[in-house]
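K.L.:
my questions are about this predicted structure, shown below with the sequence.
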Amino acid sequence: MAMSIYLRIQQQQQKKIVTLLQHICNSLPTNFPFTTNASRSAAQEAHDSRNLAETVRKLCKQSRLKEALRILHAMDRIGIWMDPCTYDSLLQVCLELKALGESKLVHAHIIQTGFKPDLALGTKLVIGYAKCGSSVDAGLVLAAIPERKVVSWSAMIAAYAKHGFAEESLMLFNEMQRADIEADERTFSSVLPVCAKLAALQQGKEIHGYIIRSGFHSNIFIGNALLDMYVKCGYLEDACKVFEKMPERDVVSWNAMIAGYSRNGEVYEALKVFQRMPQRNVVSWTAMIAAYASQGHGVEALALFYQMLQMCIRPNQFTYASVLQACSNVAALEHGKEIHEGIIKSGFKSDIFVGNALVDMYSKCGRVHDAFKVFEKMPKRDVVSWTAMITGYAQNGPMDKALDLFQHTPERNLFSWNAVIAGYSQNGPFNEALKFFRQMQLTSVLPNLVTLASVLSACANKVALLEGKEIHEDIIRSGCTCDVFVGSTLIDMYAKCGSIDDACKVFNKMPRQDTISWTAMIIGYAMHGSGKDALHLFQQMQHSGTKPDHVTFLGVLSACCHAGLVDDGWQYFNCMSEDYHIAPAVEHYCCMVDLLGRAGRLDEARDFINKMPITPDAAVWASLLGACRIYSNTMLAEEVAEHLLETDPRNAAHYVLLSNIYASVGRWDGFKKIRTLMQERGVIKMPGCSWIEVNKKMHSFVVGDKSHPQTEIIYAKLETLYGQMKELGYVPDMNFVLHDVEEEQKEDMLYCHSEKLAIAFGLINTTAETPIRIVKNLRVCGDCHSAIKFISKIVLREMVVRDANRFHHFKDGWCSCGDYW
């Protein structure tokens, strides 16, 4: 097949060759000091030929290629032909200089003069074209050689491998075997990396057998290539066998094993190999530092880096990039700055690889301005540089700068798209994340798992169930439904959008579940108030052999909290440390305080806080203050508020909660005192707001809102509902009016709370079978909770309300929380 390709292309190239030679000859001076054939004797021709050929060879030894070519074409004009030795010299200097164009000129001259290249010259042409990166031309020459030796095949296999033609390289090796050409050391060293690149394990194993039969298994270079192949194919056990059987090992062998264990996540096994090494070079130290950094062991990576410096081993650009990654992992800004100074002194500040690592380090340490300074000073930037800077602004803000960089980046790849989508997904507005995802789909860039996770997170934050379902359909079409990560993200999205049934369907259809997917489903049940379902699922997780982590226990304790399962809560809190050796964090203690407080066990909750082995944070005290609000315990509330206003004086929620407690028991003096304190300290209360999505458009409402175009219809609908509710026995709960006004005014204030306005709008603008789904940024008040139960019974519609704490599912006058929230 290769020969037929060669013949077809050779015919097409003949005209080009003739034209090219004519152009070169015509470019020579007219007074070039040579006579024509007619005036010269045969002896003169032979003498001139020898002298000129010798001159060409001398020029080639001096790498004066252009001058040598001028003499070559002058000889052609006067009819003096070149000998194989001179052609060999010309091709050798072309190879050394990687002069592809000149290689083609010499080759064209050989063809034009009718010279038949021997095996040695043909091989030199193959190697020359291969070294210059022209694998196609190398293949054509190889196909034209009548008798091919192993050196030609090896050169061609190596050329294909080097220039990205991995599959062709492997095919050529197979063809070489069919031609009964015995492979040598260079052949095996060239083809094994191809197997590694293609993850062609079976072919690699067959070649390994061939190596053993050929007697090359003791060769250290081939042994290293085998190690690399098994490591990159993910077969570390086979790599270990090769390593242990090697009669001789060099530093490359040891480094390959460190890289293999690192790639497999076995950092401590990598350390054992590192410690056994008889000799270490900068690559060894860098491989071990990279192993620590890639597995999140930033402190250990930094310690090893400083130990390396003490050993007087000079870091290279890859060492600096790896240790900067370690700084990023542990937000070690000061160490990062110190290493930056070392980079400048070492002369690596212009290295693009190091520059990208610096941008990433400063960004992840929250110093985005310093990251941008490095970015601006980089003499050369690639797509990684732009993406790192976009990610820095997306994670730290402002998003408008991330967007500006994204719009000006010379090349947009998957990672730059992901950075912008993730930025909007985390920081908002969430609609922008969905918009950019749709724009990305119009390009040739295909989304990956990170893209899908970000855009599904945006749907969850926006409570955009319909758009989340559309993306779920995209995932089904793309064939990613079996991925555990995607499945877990879908569970989270459906749970946060209020559709716990859809979350359960996704969970049950997953071919396998890991810790993250089990945890996502447990947390989903917890936030929807299905405490017993969450605990039952946790027990199934335990029976499956999947180990829970600290996040799983947060979900379990939260489930106990929302369902009032105090005894179960204590059991699982103790189970964390006793059975799974997970030390409770402040978040777990916060859940326990919330659990005890909601159950009315306020004194027990206070004692629990006082006995905590770690310092309670503001969230712990806020949980107890919330319980004081439920049970109107003003004395304890004042004690707790002292802690809160000292530890977190800028948080408006604490002031509001305490003032609400005073208002609920009629202590308006205390209410006014706290509100005055807020004004004096410049603390601003966040207004209550409710959202509802209709036809993929989000509508928001605040208390007493009259800005919506449908205001008159909304209030008319509410008036009708109020009349029907009162007929069924609804009585407004004035305790939730936090103002010292007359009873009639209090009822008017309750009448137009934001969640009631959102529900009225939803009833007007959706069909009778559509559930009403609203989101509120604060805890739903008791009066609204009671009113929505009545409304669900009147209109025979399911209503799902997600407030700051949990979900409430209203149906037929009943709420899933059982009035315990």
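P.N.:
That came in fine, so what should we check first?
K.L.:
mean confidence for stretch 684-691?
P.N.:
Regarding stretch 684-691, the rounded mean pLDDT is 86.
K.L.:
the protein: strands as residue ranges?
P.N.:
Remark: strands assigned in the chain by DSSP state E are 689-694, 697-702, 772-776, 799-802, 807-811, 814-815.
K.L.:
surely residue 521 is in contact with residue 502?
P.N.:
No - contact status for residue 521 versus residue 502: not in contact, 11.7 Å apart, counting by C-beta atoms under 8 Å. Backbone N, C-alpha and C define where each C-beta goes, glycine included.
K.L.:
so those two - more neighbours on which side?
P.N.:
The neighbour comparison of residue 521 against residue 502 (other C-beta atoms under 10 Å) goes to residue 521, with 30 against 19.
K.L.:
tell me the contacts of the closest residue to the more buried one other than its chain neighbours?
P.N.:
Nearest non-adjacent residue to residue 521, counting by C-beta to C-beta, 6 or more residues apart in numbering: residue 507, 4.7 Å away. By C-beta atoms under 8 Å, 6 or more residues apart in numbering, the contact list for residue 507 reads 487, 491, 513, 517, 520, 521.
K.L.:
looking at those, which are in helices?
P.N.:
487, 491, 517, 520, 521 (DSSP state H).
K.L.:
residue ranges in the stretch 351-500 of the chain under the pLDDT threshold?
P.N.:
Residue ranges of the stretch 351-500 of the chain with pLDDT under 70: 481.
K.L.:
could you pull out the helices for it?
P.N.:
Under the criterion DSSP state H, counting those that start in this stretch, the stretch 351-500 of the chain contains helices at 352-364, 368-377, 383-396, 399-408, 414-427, 430-441, 449-462, 465-478, 484-496, 500-509.
K.L.:
so how far is the first one from its chain's centroid?
P.N.:
In terms of C-alpha atoms, centre = their mean, to the nearest Å, the gap separating the centre of helix 352-364 from the centre of its chain is 16 Å.
K.L.:
please identify the buried residues of it?
P.N.:
354, 355, 356, 357, 358, 359, 360, 361, 362, 363, 364 (16 or more other C-beta atoms under 10 Å).
K.L.:
next: the second one.
P.N.:
When burial is assessed from 16+ other C-beta under 10 Å, helix 368-377 yields the following buried residues: 368, 370, 371, 372, 374, 375.
K.L.:
those: which two are farthest apart?
P.N.:
Pairwise distances across these peak at 10.7 Å for 368 and 374 (criterion: C-beta to C-beta).
K.L.:
between these two, what contacts are shared?
P.N.:
residue 362.
K.L.:
before we move on, the earlier item: wait, which of the strands of the chain is closest to residue 95?
P.N.:
Using C-beta to C-beta, the nearest of the strands of the chain to residue 95 is strand 697-702, at 66.1 Å.
K.L.:
who are the packing partners of that closest one?
P.N.:
strand 689-694, helix 754-765 (3 or more C-beta pairs under 8 Å, 6 or more residues apart in numbering; DSSP states H and E).
K.L.:
try 10 Å this time
P.N.:
helix 430-441, strand 689-694, helix 754-765, strand 772-776 (3 or more C-beta pairs under 10 Å, 6 or more residues apart in numbering; DSSP states H and E).
K.L.:
save those as CSV, and put in distance to residue 174 too.
P.N.:
Shown next, in CSV, are the helices and strands packed on strand 697-702 (distance: least, C-beta to C-beta, whole Å):
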stretch, distance to residue 174
helix 430-441, 40
strand 689-694, 59
helix 754-765, 67
strand 772-776, 60
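K.L.:
out of these, which is closest to residue 577?
P.N.:
strand 772-776 (36.0 Å).
K.L.:
who does the closest one pair up with?
P.N.:
Note on strand 772-776: by DSSP bridges, its sheet partners are strand 689-694 (antiparallel), strand 799-802 (parallel).
K.L.:
most tightly surrounded among the ones you listed?
P.N.:
Among the strands paired with strand 772-776, strand 799-802 has the highest mean neighbour count (mean count of other C-beta atoms under 10 Å), at a mean of 23.
K.L.:
in contact with the most centrally placed residue in the chain, which residues?
P.N.:
For the chain, the residue sitting closest to the mean C-alpha position, by C-alpha atoms, centre = their mean, is residue 450 at 5.7 Å. Each residue near residue 450 by C-beta atoms under 10 Å, 6 or more residues apart in numbering is listed here: 414, 415, 417, 418, 419, 421, 422, 485, 489.
K.L.:
closest one to residue 244 out of these, please.
P.N.:
Using C-beta to C-beta, the contacts of residue 450 come closest to residue 244 at residue 485, 35.7 Å.
K.L.:
tell me, how many residues neighbour that closest one?
P.N.:
Under the criterion other C-beta under 10 Å, the count of neighbours that residue 485 has is 15.
K.L.:
and the nearest residue to it once chain neighbours are set aside, how far from residue 511?
P.N.:
Nearest-residue entry for residue 485: residue 449, 5.3 Å, with adjacent residues in sequence omitted and distances by C-beta to C-beta, 6+ apart. Applying C-beta to C-beta, to the nearest Å, the value for residue 449 to residue 511 is 16 Å.
K.L.:
who's more crowded, the two?
P.N.:
Legend: neighbour count by other C-beta under 10 Å for residue 449 and residue 511, higher for residue 449 (15 against 9).
K.L.:
mind showing which ranges of the stretch 651-800 of the chain have poor pLDDT?
P.N.:
For the stretch 651-800 of the chain (pLDDT under 70), the answer is 734-751.
K.L.:
tell me where it has helices.
P.N.:
Going by DSSP H, counting those that start in this stretch, the stretch 651-800 of the chain shows helices at 652-664, 668-681, 711-727, 743-751, 754-765, 782-795.
K.L.:
check the stretch 101-250 of the chain too.
P.N.:
119-131, 135-144, 150-162, 166-178, 185-198, 201-214, 220-232, 236-245.
K.L.:
okay if I get those helices as TSV plus mean pLDDT?
P.N.:
Converted to TSV, the helices of the stretch 101-250 of the chain look like this (pLDDT from 0 to 100):
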stretch	mean pLDDT
helix 119-131	65
helix 135-144	64
helix 150-162	74
helix 166-178	82
helix 185-198	87
helix 201-214	89
helix 220-232	90
helix 236-245	89
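K.L.:
export the ones you listed as a markdown table, with columns for distance to residue 552.
P.N.:
Shown next, in a markdown table, are the helices of the stretch 101-250 of the chain (distance: least, C-beta to C-beta, whole Å):
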| stretch | distance to residue 552 |
| --- | --- |
| helix 119-131 | 56 |
| helix 135-144 | 53 |
| helix 150-162 | 47 |
| helix 166-178 | 43 |
| helix 185-198 | 38 |
| helix 201-214 | 36 |
| helix 220-232 | 33 |
| helix 236-245 | 29 |
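K.L.:
just so I know, which of these lies nearest residue 571?
P.N.:
helix 236-245 (40.7 Å).
K.L.:
ok, residues contacting the closest one?
P.N.:
So helix 236-245 is contacted by 201, 204-205, 208, 217-218, 222-233, 235, 249, 253-254, 256-257, 259-261, 263-264, 266, 269, 273 (C-beta under 10 Å, 6+ apart).
K.L.:
are any of these buried, and if so which?
P.N.:
201, 204-205, 208, 217, 222-233, 235, 249, 253-254, 256-257, 259-261, 264, 266, 269, 273.
K.L.:
point out the most buried one among the helices of the stretch 651-800 of the chain.
P.N.:
Taking mean count of other C-beta under 10 Å, helix 754-765 is the most buried of those, at a mean of 24.
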